[in-house]
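Q: Return atomic coordinates for the entry below.
(chains A and B)
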Number of protein chains: 2
Amino acid sequence: MDFKSYLKNRCLLVDKALDKLMPPSEEYPSVINQAMRYSVFAGGKRIRPLLVIMTAETLGYKAERVMPTACALELIHTYSLIHDDLPCMDDDDFRRGQPTNHKVFGENMAVLGGDGLLTLAFELIAGNGGVKGVRQKNVLKSLQLIAEGAGTHGMVGGQVVDIISENKKISEPVLQYIHTHKTGALIRASILSGALLCDASKKEYLALKSYGEHIGLVFQIVDDILNVIGDEKKLGKAVGTDAVRKKVTYPALYGLEQSRAEVKLLCEKAKLALKVFGKKAPALNALVDYLEKREA
Amino acid sequence: MDFKSYLKNRCLLVDKALDKLMPPSEEYPSVINQAMRYSVFAGGKRIRPLLVIMTAETLGYKAERVMPTACALELIHTYSLIHDDLPCMDDDDFRRGQPTNHKVFGENMAVLGGDGLLTLAFELIAGNGGVKGVRQKNVLKSLQLIAEGAGTHGMVGGQVVDIISENKKISEPVLQYIHTHKTGALIRASILSGALLCDASKKEYLALKSYGEHIGLVFQIVDDILNVIGDEKKLGKAVGTDAVRKKVTYPALYGLEQSRAEVKLLCEKAKLALKVFGKKAPALNALVDYLEKREA
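A: Purely as a prediction, here's the structure:
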């Protein structure tokens, strides 16, 4: 498959749906809609929505079946970036090469914009129950999974541990916690929500779960590596910041070489998990290489 | 009915359920659970959960049927208070007589604690689908209503307009917007979620909607009045702050006397809406007087 044009096409679908599902810029009070749209349309890679869509396609369904949930996951991801960038958190001035949300709209609108995105996300997920053929029971289940992946047992919990571990001696269990929660939990939830909405069999569900766990770790370790050796221009943000903040990262604990070896191993395991789908999972397979080799 | 002991009893039920449904304080990472519990158990009046429960009881069901959703509404209310108190928002040091969340746990944990509460709220609402007899379809509908009441079309939108209108000339449409959105939207959603989860008939649903709209306004206008003439000790927070910030309030636009007259009129209309339930709505009726005469 031509993965590059596949990605481009699906990203366009997601962007179109996001534009339709979010309140228009000019709607009163416009500043909050502008603030939310600013960060949502700031050049994200749409990894989470793509995962939902690829999972649906692997199970024989079209993107439309899962689109509201796919978009919701991008909104949750975006809200987390806006709040993470706040002065009281990571205090970042740039993200994807552009000024961070609070730099443009002020801290109060950045807080409220994040809150608005998170709330809209759950409204969209519930709205996925209106898509023909989707079981209401599975919508509720996927919403619970996503909330778990986003909240204190997932992403928020990972962020908390990340913050309280700064400037402390690095320990393996803490690194493990941060890696499985901060990014991994929501990536896992993206894949599993696609599986639920498309009535995956138990065997398929477990395979996708294993796949999700492995690529979630790949994603986080590559993120850590890029913060050490990445190109600021390609990344659109400063590198070396983890070291300055004495963050608990994979390269900091194991060094670059072992981090890269771990990524390679995890990628192999992710692909192995897809074996059950035979040739029906070309996109999920290609995504593994894409995540391994990404430079931004 | 002995409304005072009724309130006490139902508040106890809500507190017990909240304690059970929230992650325990000691769970890792404990600081976030402590931060969330600090604000949830800081002496709130539990108006929103009470409304869900009273609505359920009016329709012939017990509190247990709607308890996860009732608790979720208290979590949403609490998250909004934590974020509103942040230095970049209202910058309040005290709430209900105690230091605000960020004063105790730091701004970063206050942001994340609010995020965690909002996320947990939607997980709980979805979990209400697991209660015997409740229709999954109605759970999804009530979740959508609550998200709408909490997001940029509701509470968040009201907060945004409240902020952008500070220090500006007061206009009637702006006041109207703030009043119906900032507090009213979530109060309305509390009642309607109870109505949906308890299979209200169309006639009952519309009556409850009208009731909710009126008491939502009562709540906000009384809040504004108390900020002018309230007792700081009873309120547990500073008064006169709206005038200092030149906030758009009912007393500021119409004066105290007309504000009180409006409250009285709205209370009468709220009670009128309950006529359809005959003698089956003693709690919802008594609540109107309680909200009219509250001093905190």
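
Q: which residues does the closest residue to residue A:186 other than its chain neighbours contact?
A: Spatial nearest neighbour of residue A:186, excluding adjacent residues (CB to CB, 6 or more residues apart in numbering or on different chains): residue A:149 at 4.7 Å. C-beta: built from backbone N, CA, C; applies to glycine. Shown in contact with residue A:149 (CB atoms under 8 Å, 6 or more residues apart in numbering or on different chains): A:155, A:185, A:186, A:188, A:189.

Q: With residue A:25 instead?
A: By CB under 8 Å, 6+ apart, the neighbours of residue A:25 are A:33, A:34, A:37.

Q: Which ones among these also lie next to chain B?
A: With respect to chain B, and counting by CB under 8 Å from any CB of the partner chain, the subset of those in contact is residue A:33.

Q: Go through the contacts of residue A:25 and name the one nearest chain B.
A: Distances from chain B to these, taken as CB to the nearest CB, are shortest for residue A:33 (6.9 Å).

Q: Am I right that residue A:92 is in contact with residue A:100?
A: Yes - with contact defined as CB atoms under 8 Å, residue A:92 reaches residue A:100; the gap is 5.5 Å.

Q: Give the residue from the two that has the larger number of neighbours.
A: A count of neighbours by other CB atoms under 10 Å in any protein chain shown puts residue A:100 above the other of residue A:92 and residue A:100, at 25 against 18.

Q: Surely the more buried one is in contact with residue A:87?
A: No - the pair residue A:100 / residue A:87 is not scored as a contact, 9.6 Å apart, by CB under 8 Å.

Q: List the contacts of the residue nearest in space to the middle of chain A.
A: Residue closest to the average C-alpha location in chain A (CA atoms, centre = their mean): residue A:48, at 4.5 Å. If you count contacts by CB under 8 Å, 6+ apart, residue A:48 has them with A:70, A:73, A:74, A:76, A:77, A:186, A:187, A:190.

Q: Kindly recompute the last result at 6 Å.
A: A:73, A:74, A:77, A:190 (CB atoms under 6 Å, 6 or more residues apart in numbering or on different chains).

Q: any idea which element it lies in?
A: Per DSSP states H and E, residue A:48 falls inside helix A:47-58.

Q: Relative to residue B:239, how far out is residue A:220?
A: With distances taken as CB to CB, to the nearest Å, residue A:220 is found 48 Å from residue B:239.

Q: can you list the residues of chain A near chain B?
A: Within chain A, the positions near chain B by CB under 6 Å from any CB of the partner chain are A:29, A:32, A:83, A:88-89, A:107-108, A:111-112, A:115-116, A:118-120, A:122-123, A:126, A:129, A:136-137, A:140, A:143-144, A:147, A:150-152, A:156, A:160-161, A:163.

Q: Next, give phi and psi for residue A:60.
A: phi 90, psi 10 (degrees, to the nearest 10).

Q: and residue A:291, how many residues sit next to it?
A: Count around residue A:291 with other CB under 10 Å applied: 20.

Q: excluding its backbone neighbours, what's nearest it?
A: According to CB to CB, 6+ apart, the nearest residue to residue A:291 is residue A:218 (5.3 Å).

Q: which phi and psi does residue A:198 have?
A: phi -110, psi 20.

Q: hey, which helix is longest across chain A?
A: Ranked by residue count, the top helix of chain A under DSSP state H comes out as helix A:202-229.

Q: what's the angle from it to helix A:47-58?
A: 150 degrees (axes from the mean of the first three to the mean of the last three CA atoms, to 10 degrees).

Q: Just the buried ones from the contacts of residue A:48?
A: Among the contacts of residue A:48, those classed as buried by 16 or more other CB atoms under 10 Å in any protein chain shown are A:73, A:74, A:77, A:190.

Q: Quick check on the second one: phi, psi?
A: Geometry field for residue A:74 lists phi and psi as phi -70, psi -40, criterion degrees, to the nearest 10.
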